[in-house]
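K.L.:
could you work out the structure for the sequence below:
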Amino acid sequence: MTTPAIQWYPGHIAKAEKALKEQLKLVDVVLEVRDARIPLATQHPQVSEWVGSKAKVLVLNRMDMIPSQVRQLWENWFESQGETPYFTDAQHGKGIQAVTQAAQAAGVEMNKRRRDRGMLPRPVRAVVIGFPNVGKSALINRLLNKKVVESARRPGVTKQLRWVRISKEIELLDAPGVIPGKLNDQEAAIKLAICEDIGEASYDNQRVAAELVELLNYLGDVHGNFLPNSPLQNRYGLDAKECTGEDYLVNLAKERNQGDVERTARQLLNDFRKGLMGAIPLEFPPY
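P.N.:
Numbers count the residues shown, from 1 in each chain. Model (predicted):
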């Protein structure tokens, strides 16, 4: 299937990236939010360069969408890389307390250095960054315990940078989602599209839905003990084994939507995104 490569870089993201780099100079702690279903695909290649020597808290959101055993695998892997991941379900307010404590702990260090230099302590300045739609605004609303930031299940809702006060100890900067200037890794780009972590204008639904079918087949073969059993068959009563993703879509469209493949592709992607096929991780640690 030769549809164009997945690519998305609207003007407001380019502007946001420039503004974000400026604001990062004022920040003490960076909360980097990724999607727990695809922690590697939602890693922005420039984050470590931007963060430099500042404290960073790694947040893996949507933990409810992966099985707890897979969460454990990621926890072990990140710790082996020298990082502590904080798992959250921002939608339902789970895991938020630990993130706040981690940001505050980084602030204690910062204020200790200020005191050593004869300066007064001040609130920790934190920024929340990550790809569009990984749940940054939902996380901020949970950290604040009230809805101050618009959040929606679509990328690109946050358009400008703004500071919000969490407590006497922490001030938070909500930044628009940033994605790399070029999505060079098309395998990662497909996963971002499947999980709706990039804008819909950048991809073809039928291609992405067909890729999801093939990915589920592959993961079922390789990591079957960590996935729901035959998620497509259970959801649609149609087995996906022994056929390509495209063929599966065509067959499913005939059965369900009078042969309307586009409608079927959208339905399949939507069902996955809402968790209606079960808790399904699309990535595993690269051991």
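
K.L.:
gap between S48 and L58?
P.N.:
11 Å (CB to CB, to the nearest Å). For the C-beta atoms, the positions are set from N, CA and C on the backbone; glycine is no exception.

K.L.:
quick one, which of those two is more surrounded?
P.N.:
A count of neighbours by other CB atoms under 10 Å puts L58 above the other of S48 and L58, at 21 against 12.

K.L.:
partners of the host helix or strand of that one in the sheet?
P.N.:
Using DSSP states H and E, L58 maps to strand 55-61. Sheet pairing for strand 55-61, assigned by DSSP bridges, gives strand 29-35 (parallel), strand 85-88 (parallel).

K.L.:
pick the most buried one from the ones you listed.
P.N.:
strand 29-35 (a mean of 25; mean count of other CB atoms under 10 Å).

K.L.:
sorry, back to before: following the chain past the strand holding L58, name the next helix or strand.
P.N.:
Going down the chain from strand 55-61, the next helix or strand is helix 68-80, by DSSP H and E.

K.L.:
give me the mean pLDDT for that following helix.
P.N.:
Per-region confidence: helix 68-80 scores 97 on mean pLDDT.

K.L.:
for the stretch 51-200 of the chain, just list every one of the helices.
P.N.:
All helices of the stretch 51-200 of the chain, identified by DSSP state H, counting those that start in this stretch, fall at 68-80, 96-116, 136-144, 186-194.

K.L.:
before we move on, the earlier item: in PDB, list the C-alpha atoms belonging to the strand holding L58.
P.N.:
Extracted in PDB, the C-alpha atoms of strand 55-61 (Å, rounded to 0.1, in the frame of the first residue of the first chain):
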ATOM      1  CA  ALA A  55      15.700  17.500  37.000                       C
ATOM      2  CA  LYS A  56      13.300  15.400  34.900                       C
ATOM      3  CA  VAL A  57      10.200  13.300  36.000                       C
ATOM      4  CA  LEU A  58       9.200  10.700  33.500                       C
ATOM      5  CA  VAL A  59       5.400  10.200  33.500                       C
ATOM      6  CA  LEU A  60       3.900   7.200  31.600                       C
ATOM      7  CA  ASN A  61       0.200   8.100  31.300                       C
END
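
K.L.:
alright, that wraps it up for me.
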